[in-house]
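Novice: the following comprises the amino acid sequence and a computationally predicted model.
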Amino acid sequence: MSFSLAMIRNILNNTWRKGSHAMDYGDRTLSFVCRRCFHDGKVLSGPRSFFGVEDFLDDDNSRPYTYKKEKRPKSPHKHISFKQRTIAYMEPFSLDVYISKRFVSASVTHRVTCKQVAVAGTNSKDIKAVLKSRSDIPACLAVGRFLAERAKEADVYTCTYTPRERDKFEGKIRAVVQSLIDNGIDVKVYLD
């Protein structure tokens, strides 16, 4: 079996562009050697299944056997502004309010460590005994008052609140935030 010079040049050019190069050892066998480090933890080519789930190994060799790959962002080196990088340290405490048909709960969370500093809800025994209903406006005011007391005990006097996309800043949510403000916690509300 003989290789022509044009065929070898074509193979070398194609493999060089893909990240590998070929070497001829004299007995006309072509061996492909990767230019990168041998153990860099990446699979060079692996078969994929028909349904978009990988059959063997993921790119970083850490996913289990049929794990569907998550979508990667289009630009991994997207610029992050100074404010985006430092806002969690400048305003470290955030308020989270959850209101359902049956109960109201609120918490103050440290954004950097993701620890809940103070929690209050109408399902707790001390608030549940005082209230007639667990989901009306007086219940929201009571949750705000108890949360303010517990936040002051934890030495937290400021926090931020950003409503979720589905939540409007009115009614019960506004009652919880206003109760916190009335009881001495400075709440900065971000309405987008």
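Specialist: That came through, no problem.
Novice: for the rest of this, base every contact and every neighbour count on C-alpha atoms.
Specialist: Noted.
Novice: residue 74: how many residues sit nearby?
Specialist: 7 (other Cα atoms under 10 Å).
Novice: go on, residue 87?
Specialist: 12.
Novice: can you pull out the strands in this protein?
Specialist: In the chain, strands defined by DSSP state E lie at 20-24, 30-34, 93-99, 104-110, 115-121, 158-161, 186-189, listed in chain order.
Novice: what sits up against the third one?
Specialist: The set of residues that contact strand 93-99 without belonging to it, under Cα atoms under 8 Å, 6 or more residues apart in numbering, is 104-111, 135, 156, 158-162, 172-173, 176.
Novice: what angle separates that strand from strand 104-110?
Specialist: 160 degrees (axes from the mean of the first three to the mean of the last three Cα atoms, to 10 degrees).
Novice: quick one: mean pLDDT for strand 93-99?
Specialist: With pLDDT averaged residue by residue, strand 93-99 scores 93.
Novice: list the buried residues of it.
Specialist: 93-97, 99 (16 or more other Cα atoms under 10 Å).
Novice: same question, the last one
Specialist: Residues of strand 186-189 classed as buried by neighbour count (16+ other Cα under 10 Å): 186-188.
Novice: can I get the residues you listed in CSV including distance to residue 80?
Specialist: Compiled in CSV, the buried residues of strand 186-189 are given as follows (distance: Cα to Cα, whole Å):
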residue, distance to residue 80
186, 28
187, 26
188, 23
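Novice: nearest to residue 87 among these?
Specialist: Within the buried residues of strand 186-189, distances to residue 87 taken as Cα to Cα reach their minimum at residue 188, with 12.9 Å.
Novice: residues contacting the residue nearest to that closest one when sequence neighbours are not counted?
Specialist: Counting by Cα to Cα, 6 or more residues apart in numbering, residue 160 is the residue found nearest to residue 188 once chain neighbours are left out, at 4.6 Å. Residues in contact with residue 160 (Cα under 8 Å, 6+ apart) are 91, 93-95, 187-190.
Novice: any chance of CSV for these, columns distance to residue 131?
Specialist: Listed next are the contacts of residue 160 as CSV, based on distance: Cα to Cα, whole Å:
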residue, distance to residue 131
91, 33
93, 28
94, 26
95, 23
187, 25
188, 28
189, 27
190, 30
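Novice: may I ask you to name the longest helix in the protein?
Specialist: Assignment by DSSP state H gives helix 137-153 as the longest helix of the chain.
Novice: now that one: mean pLDDT?
Specialist: 94.
Novice: so which bits of it are buried?
Specialist: Buried, per 16+ other Cα under 10 Å, within helix 137-153: 137-152.
Novice: now the two most distant members of the residues you listed.
Specialist: 137 and 152 (22.8 Å).
Novice: I figured residue 158 hits residue 187, correct?
Specialist: Yes. With contact defined as Cα atoms under 8 Å, residue 158 counts as touching residue 187 (5.8 Å).
Novice: which residues of the protein score low on pLDDT?
Specialist: 1-3, 12-73 (pLDDT under 70).
Novice: if you set the cut-off to 90 instead, what comes out?
Specialist: 1-91, 124-135, 163-171, 190-192 (pLDDT under 90).
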